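> missing the sequence, but the structure's below:
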């Protein structure tokens, strides 16, 4: 693998943006007087829940699929994903008119399966383990000659994800802080490169569920640690941070803080009720850090990437909260 | 009462807009490629769910409170409301620094009571009947000398509500149709005056729950009919249409169609899932008419006022749907 920690820079992110611009939304940035008052800062929410396929993942996948040369592209693309990345790859392949093979765990949410199907992708189900996903995906690739579009360990995916922060820093001048969640680290590494390159003084703060805190642990230890995961409602963030992603994080990220499950649910509910927008649990993770006062905001201008809005309306987390 | 059916015109709506502009949001207009495809039209959603207090009601109440002369205003304002209008009057009174007395039925949703309280209003609870509300409100007014700000039978409220359509017609050229729900008819009458005055060719179509179809019945009969109401999930639309409002409707509205409860819930869910925004059941009523093909859209440009986003996240309508 290319050492993407040094191969991606702002010009690569700008090139990704030019490539994908016709196929994605330049999502709006929303503010809330009430949340500013509650937090003591000025918050700018980059609404990737309004993005194509309902999540920022459309950016990286579209870039990675469009960048392939024609001969390679014709053999198709493949990935494994239980969530938004699968839909994003399926959609990008449809845009390019090439086959997509999406490996999904057999316990994937129906809504996610339907979303991948709606783009005409070929779905291969597998056991719901990381190993089974990788094995099945390797098998599909061997059979079809498709190119793997990994959801975060891929320089073009990272560059594509970085375009959200690029737009945010362009649209909102003088940001002091930019915050996003971290799972595999695709979004975080792209965000960090874009933000630090465009505005040297900006602080990049990642937020991770305490129940899946491998990135925070790794950041503190100075080396990549793979941890056992407890359950987290933020299903997009259960992944271990990728190797190239962690290398970028070490260079460009200022801090990684963790939040409780309770704060994630409270954050999600507050954003729904106050801002009247639908976000998924993973997207609520940065504001959860503000609720738990894990970051000092006092008057700061803070950009927050709301990563997605794909949520099962029949299984909302507060339906199970003990205080009902 | 002034014959508001002839006293309100576009210049009154423009005056209302100038008066309230510093205190309300010019709400965004959102579109959805997916809903356009599903409907066969080009839909433009005016997002009053993002409005102050979470509903268009902030417009009319603010106008009606700000227009009072100082001596009158100092004696305070009063209204009866189980919902958004109460919060809107409370907020407007706070802006002006005058007392607000809000009569609320004893079974009002807690979230609505908290909202009114948060603006420092005085709340008087009453039995949950129309008569009890009016009696209690009259009593409060007699005691305090406050001015009644009726939620729809008030020319300044109507003019204020009309500013949403005014902005929509300004922002989106060449609309063929404008749609909004109808309950008491404050929004509908303001919308109809604004839209028809600004664009003579526009069709104004109101939508009403079939379970509370007095406006549709009245419209067909050519005279105001007060009907017995069945339950509707669209709690903002349970009211009978007001007298002055109906007079305006007869002059300016092209059609009133009705929709089923099932379609309202399906519409609400579709808008949440597709557009990633939180709207309340009443706001879902116009799109329900599109789902049920009560309006012919074929290629038309259709403005839809999404009236509000205040919803109890612990009691979402699909949680009780039989097909779960």
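It's in. Everything quoted here is computed from the prediction, not taken from an experiment.

> Mind telling me what element residue A:159 is part of?
Residue A:159 belongs to helix A:155-171 when assigned by DSSP states H and E.

> again with residue A:265
Using DSSP H and E, residue A:265 sits within helix A:261-275.

> So which other helices or strands are in contact with the next helix or strand after that helix?
Next along the chain after helix A:261-275, taking DSSP H and E as the criterion, comes helix A:285-291. Packing partners of helix A:285-291 (3 or more CB pairs under 8 Å, 6 or more residues apart in numbering or on different chains; DSSP states H and E): strand A:177-181, strand A:203-209, strand A:255-259, helix A:261-275, strand A:301-306. Where you see a C-beta, it was placed from the backbone N, CA and C, and this is true even at glycine.

> Show me what the longest one is packed up against.
For helix A:261-275, the contact count by 3+ CB pairs under 8 Å, 6+ apart identifies helix A:33-39, helix A:285-291 as packing neighbours.

> need these in a markdown table with mean pLDDT and mean neighbour count, can you?
Below are these laid out as a markdown table (pLDDT from 0 to 100; neighbours: other CB atoms under 10 Å in any protein chain shown):
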| stretch | mean pLDDT | mean neighbour count |
| --- | --- | --- |
| helix A:33-39 | 95 | 14 |
| helix A:285-291 | 98 | 27 |
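
> I'd like to know which of the ones you listed is closest to residue B:154.
helix A:33-39 (27.0 Å; CB to CB).

> Next secondary structure after the closest one?
Next helix or strand after helix A:33-39 toward the C-terminus (DSSP H and E): strand A:42-47.

> Within the sheet, what are the partner strands of that next one, with directions?
Sheet partners assigned to strand A:42-47 using DSSP bridges are listed as strand A:29-30 (antiparallel), strand A:301-306 (parallel).

> For the helices and strands packed on helix A:261-275, give me TSV that also has distance to residue A:224.
Conversion of these to TSV gives the following (distance: least, CB to CB, whole Å):
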stretch	distance to residue A:224
helix A:33-39	32
helix A:285-291	20
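
> Compare the ones you listed and give me the one nearest residue B:37.
The nearest among the helices and strands packed on helix A:261-275, by CB to CB, is helix A:285-291 at 32.4 Å.

> how distant is that closest one from the center of its chain?
Counting by CA atoms, centre = their mean, to the nearest Å, helix A:285-291 is centred 16 Å from the centre of its parent chain.

> Give me the contacts around it.
Under the criterion CB atoms under 8 Å, 6 or more residues apart in numbering or on different chains, residues A:35, A:39, A:41, A:43, A:179-181, A:205, A:207-209, A:234, A:237, A:257, A:259-260, A:263-264, A:266-267, A:270-271, A:295, A:297, A:304-305 lie in contact with helix A:285-291.

> Are any of those residues buried, and if so which?
A:35, A:39, A:41, A:43, A:179-181, A:205, A:207-209, A:234, A:237, A:257, A:259, A:263-264, A:266-267, A:270-271, A:295, A:297, A:304-305 (16 or more other CB atoms under 10 Å in any protein chain shown).

> Show the backbone phi and psi for residue A:280.
Taking degrees, to the nearest 10, you get phi -90, psi 160 for the backbone angles of residue A:280.

> pretty sure it contacts residue A:233?
No. Assessed by CB atoms under 8 Å, residue A:280 is found out of contact with residue A:233, at 9.5 Å.

> Pick out whichever of these two has more residues nearby.
Using other CB atoms under 10 Å in any protein chain shown, the more surrounded residue of residue A:280 and residue A:233 is residue A:280, with 25 against 19.

> So for stretch A:162-179, mean pLDDT?
Mean per-residue pLDDT for stretch A:162-179: 97.

> touching chain B at all, it?
No. Stretch A:162-179 is not in contact with chain B by CB under 8 Å from any CB of the partner chain; minimum separation 14.5 Å.

> Which among the strands paired with strand A:42-47 is found nearest to residue B:67?
When these are compared by CB to CB, strand A:29-30 sits nearest residue B:67, at 30.6 Å.

> and the spatially closest residue to residue A:48 that is not a sequence neighbour, what is it in contact with?
Once flanking residues are discounted, residue A:48 sits nearest to residue A:56: 4.0 Å by CB to CB, 6 or more residues apart in numbering or on different chains. Residue A:56 is in contact with A:48, A:161, A:164, A:187, A:305, A:307, A:308, counting by CB under 8 Å, 6+ apart.

> Near chain B, which residues of chain A? Just list them.
So far as CB under 8 Å from any CB goes, chain A lies against chain B at A:28, A:49-50, A:54, A:269, A:272-273, A:275-279, A:309, A:313-314, A:316, A:318-319, A:324.

> Flag the shaky bits of the stretch 201-324 of chain A, pLDDT-wise.
A:320-324 (pLDDT under 70).

> circling back to that earlier point, any idea which of the helices and strands packed on helix A:285-291 gets closest to residue A:219?
Across the helices and strands packed on helix A:285-291, residue A:219 has its closest neighbour in strand A:255-259 (4.5 Å, CB to CB).

> From start to finish, how long is stretch A:277-289 in a straight line?
End-to-end distance for stretch A:277-289: 19 Å, by CA to CA, to the nearest Å.

> sorry, back to before: remind me what the helix holding residue A:159 packs against, helices and strands.
Other helices and strands packing on helix A:155-171, by 3+ CB pairs under 8 Å, 6+ apart, are helix A:4-7, helix A:10-20, strand A:42-47, helix A:57-66, strand A:177-181, helix A:186-198, helix A:243-252, strand A:301-306.

> Hmm, residue A:232 is touching residue A:211, no?
Yes. Using CB under 8 Å, residue A:232 is in contact with residue A:211, at 4.2 Å.

> These two: which has the busier surroundings?
Each of residue A:232 and residue A:211 has its neighbours counted (other CB under 10 Å); residue A:232 has more, 23 against 19.

> List the contacts of that one.
Applying CB under 8 Å, 6+ apart, we find residue A:232 in contact with A:209, A:211, A:212, A:238, A:261, A:264.

> Show me which of those is closest to chain B.
Proximity of the contacts of residue A:232 to chain B, judged by CB to the nearest CB, is greatest for residue A:264, which lies at 15.2 Å.

> OK, contacts around the closest one?
A:209, A:232, A:233, A:234, A:281, A:284, A:285, A:288, A:317 are the contacts of residue A:264 under CB under 8 Å, 6+ apart.

> How is chain A partitioned into domains?
When chain A is parsed with automatic domain parsing, its domains come out as A:4-56+A:154-319, A:58-148.

> nearest to residue B:111, of those domains?
Using CB to CB, the nearest of the domains of chain A to residue B:111 is domain A:4-56+A:154-319, at 8.1 Å.

> Off-centre distance for that closest one?
7 Å.

> which one is the residue in the stretch 51-200 of chain A that chain B sits nearest to nearest to, not counting chain neighbours?
Nearest residue of the stretch 51-200 of chain A to chain B (CB to the nearest CB) works out as residue A:54 at 6.4 Å. Spatial nearest neighbour of residue A:54, excluding adjacent residues (CB to CB, 6+ apart): residue A:310 at 4.4 Å.

> ditto for residue A:217
Among residues not flanking residue A:217 along the chain, residue A:225 sits closest, at 4.9 Å (CB to CB, 6+ apart).

> residue contacts, the one you found?
Going by CB under 8 Å, 6+ apart, residue A:225 touches A:214, A:217, A:218.

> So it, which state does it fall into?
Following DSSP: H, G, I helix; E, B strand; the rest coil, the label given to residue A:225 is coil.

> ok, for residue A:307, nearest residue in space, not its chain neighbours?
residue A:283 (4.4 Å).

> What about that neighbour, how many residues nearby?
The burial count assigned to residue A:283 is 32, neighbours taken as other CB under 10 Å.

> what's the distance between it and residue B:309?
18 Å (CB to CB, to the nearest Å).

> again with residue A:257
Using CB to CB, residue A:257 is found at 30 Å from residue B:309.
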